[in-house]
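Q: Fold the following and give me the result.
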Amino acid sequence: SEILDRISLIQETPSEEVYNSFIIKYSYNTADDTYRKTIKVDHTNNTLCNISYYKLGLREYDVIESVSIFDDLTASYVANWLASHLSLPRYQAEYVCSPNLFLKVRVGDNIKITDNEIGWTNVNATVTSINYNKNSMTIKLVIWIIYNSIENISGY
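A: Here you go, the predicted model:
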């Protein structure tokens, strides 16, 4: 494997950074400075938000007012993307890697990680930082272990 060793503790995001209710105002009308449409994704219509709501109580994300979203499909995609990424705790860790990984990954890439020390196998993670010098390379990851567990149990 090109990921050699974890060099940090695993850190869970604080519950203050977990949200389970998302509102997007969209279809902006410049003539009267109003948003014609609103979408809400929360525990009533999203499985992950529902799990979060019953675990942490109502956690409302700031209302998003988008002047660039006009269609329902895009608004729904954005609101559900936020729910998928912010409704449950995430974990962060830093790993030292083989320098040739520098040519294969970029910040924002999703990868699978195995960390035998803590029993993770092929867990989804997102690269959030890459630090490269001539002797070594480190990457910081957001690890979606809870999402993997739910996916494996429920088939989502």
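Q: Show the contacting residues for the residue lying closest to residue 140 once chain neighbours are set aside.
A: Using CB to CB, 6 or more residues apart in numbering and skipping residues adjacent in sequence, the residue nearest residue 140 is residue 129, 3.8 Å away. In short, each C-beta sits where N, CA and C put it, glycine included. Counting by CB atoms under 8 Å, 6 or more residues apart in numbering, residue 129 makes contact with 94, 107, 139-140.
Q: Most neighbours among the residues you listed, which one?
A: The most crowded member of those, judged by other CB atoms under 10 Å, is residue 139 (25 neighbours).
Q: how distant is the helix or strand harbouring that one from the center of its chain?
A: Taking DSSP states H and E as the criterion, residue 139 maps to strand 137-143. Distance of strand 137-143 from the chain centroid (CA atoms, centre = their mean, to the nearest Å) equals 14 Å.
Q: And stretch 47-59, by the same measure?
A: Centroid separation for stretch 47-59 versus its chain: 16 Å, with CA atoms, centre = their mean.
Q: List of residues touching it?
A: Contacts for stretch 47-59 (CB under 8 Å, 6+ apart): 15, 18-22, 41-44, 83-84, 87-88, 147, 150, 154, 156.
Q: tell me which residues in it are buried?
A: For stretch 47-59, a neighbour-count test (16 or more other CB atoms under 10 Å) marks 48-53, 59 as buried.
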